[in-house]
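# below is the sequence, then the predicted model.
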Amino acid sequence: MKKLKITQIKSIIDRPERQKRTIKALGLGRPNYTKIHKDTPQIRGMIRKVIHLIKVEEINEE
């Protein structure tokens, strides 16, 4: 199964509350925090909402 490495690159200061909650739900909080998640439709939906604040890399699991 593929996994996604998600890194926050921008701060959530002065962002709408909904985007702040999405970042927290992804397990991030400050710039340069990184989290690895399974590639699911739910995670992909959260990524789409905050793509301007994060960097996403695909990791193939062997």
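Thanks, I have it.
# Lys49 and Gln19 touch, don't they?
Yes: counting by CB atoms under 8 Å, Gln19 is a contact partner of Lys49 at 6.7 Å. Glycine gets a C-beta too; all of them are placed from N, C-alpha and C.
# quick check: mean pLDDT of stretch 20-32?
For stretch 20-32, the mean pLDDT works out to 96.
# same question for it: list its buried residues.
Using 16 or more other CB atoms under 10 Å as the test for burial, stretch 20-32 gives 22-23, 26, 28.
# now the two most distant members of those.
Thr22 and Leu28 (9.2 Å; CB to CB).
# quick one, strands of this protein?
For the chain, the strands defined by DSSP state E occupy 2-8, 34-38, 54-60.
# what is the nearest of the buried residues of stretch 20-32 to Met1?
Leu26 (18.0 Å).
# which non-adjacent residue is nearest Gly27?
Lys35 (4.1 Å; CB to CB, 6 or more residues apart in numbering).
# could you give the number of residues near that neighbour?
14 (other CB atoms under 10 Å).
# shouldn't it be in contact with Ile6?
Yes: proximity of Lys35 to Ile6 meets the contact threshold set by CB under 8 Å, at 5.3 Å.
# low pLDDT regions in the protein?
62 (pLDDT under 70).
# and the residue lying closest to Arg30 once chain neighbours are set aside, what does it touch?
Nearest non-adjacent residue to Arg30, counting by CB to CB, 6+ apart: Gln8, 6.7 Å away. The contact partners of Gln8, taken as CB atoms under 8 Å, 6 or more residues apart in numbering, are 23, 28-34, 53-54.
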